[in-house]
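Colleague: The following block contains a protein sequence and its predicted model.
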Amino acid sequence: MSALIILTIVCALTYTFEIVFGLAGTILMIPLLSFLFPVKTLVVYSVLPQVLVAAIGIMRSPKKIDRKFLGGMLVFAFMGAILGFTLFYNVSSEAFRVLLATGITATGLFMVIAPHRAKFNPAGLRAMDTLAGTSQALFGISGPIAMTRLLATYHDKNTVRHYAFAFFLSMNCLRATEYAVHGTYTMEILWMMLVSAPFLAVTLWFSNQLHLHINEQVFRKVVAWMILLGGLSLFYR
């Protein structure tokens, strides 16, 4: 039970980061909790808080979604997800941990060195959509990729955040369905979800408004370094 209490507290903190800024929840959660739970268990579990973050963020936002734009992103992301799911079910736990550590470290390094500097042509944007889908299906993480792609398209941070949540909600609903069809949920994971869900839902509902008051630039610098260090720490688990 103590492990579940720690899980709930850590997720309340890390996914508060995600609902405020649109990324970092799962990337921060996995290194912090990998001492207590297997990495693949945490990746599957993360579908719950990610759906809560995206659903609450969209429900409490006044902005509207351009379905044609979002649909274009999702078509390519779904194609990428096919590869991601294939790798998820066929890569050994140790190889998976190394892949995840490499991905998180590379993400943190990119965010530290070159935040907001990416520019893409149309083909590059579709490649990013596909990569985001692959990463979401494989690791349960696509925030940095999707946010980088959206920041290259929109300048208003609230618009970027809103489309990011719409993308995450769609991809995580796909992930949740795939896990159910494939029989991926274990009793341990379902129990983790059942215990933590009410506390996370209440925390995230009220945390959502924080995005109106927090300095984005300072936060992103702190999170970038946390992601980089978290990725490096996974190599030594």
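Modeller: Yes, it's here.

Colleague: Off-centre distance for the helix with the most length in the chain?
Modeller: The longest helix of the chain (DSSP state H) is helix 157-182. Its chain's C-alpha centre and that of helix 157-182 lie 9 Å apart, by C-alpha atoms, centre = their mean, to the nearest Å.

Colleague: helices or strands up against the helix or strand following that helix?
Modeller: Moving toward the C-terminus from helix 157-182, the next helix or strand (DSSP states H and E) is helix 187-207. In this structure, helix 187-207 makes packing contacts with helix 2-21, helix 39-45, helix 47-59, judged by 3 or more C-beta pairs under 8 Å, 6 or more residues apart in numbering; DSSP states H and E. In short, each C-beta sits where N, CA and C put it, glycine included.

Colleague: which outside residues touch the first one?
Modeller: Counting contacts by C-beta atoms under 8 Å, 6 or more residues apart in numbering, the residues outside helix 2-21 that touch it are 23-26, 28-29, 32-33, 36-37, 49-50, 52-53, 56-57, 143, 161, 191-192, 195-196, 199-200, 203-204, 207-208, 210-211, 214, 216, 219-220, 223.

Colleague: among the helices and strands packed on helix 187-207, which is nearest residue 123?
Modeller: helix 47-59 (27.2 Å; C-beta to C-beta).

Colleague: follow-up on the earlier one: can you say which of the helices and strands packed on helix 187-207 is nearest to residue 88?
Modeller: helix 39-45 (7.8 Å).

Colleague: quick one: average pLDDT of that closest one?
Modeller: In this model, helix 39-45 carries a mean pLDDT of 90.

Colleague: Skipping its backbone neighbours, what lies nearest the residue most central in space within the chain in space?
Modeller: The structure's the chain has its C-alpha centroid closest to residue 141; by C-alpha atoms, centre = their mean the separation is 3.9 Å. Excluding the flanking residues, the one nearest residue 141 by C-beta to C-beta, 6 or more residues apart in numbering is residue 26, at 5.1 Å.

Colleague: And for residue 161?
Modeller: That would be residue 22: by C-beta to C-beta, 6+ apart, it lies 4.4 Å from residue 161.

Colleague: List the contacts of that neighbour.
Modeller: Applying C-beta under 8 Å, 6+ apart, the residues near residue 22 are 57, 143, 147, 160-161, 164-165.

Colleague: Check the gap between residue 133 and residue 43 for me.
Modeller: 15 Å (C-beta to C-beta, to the nearest Å).

Colleague: no, scratch that, I was asking about residue 21
Modeller: Separation of residue 21 from residue 43 (C-beta to C-beta) stands at 21 Å.
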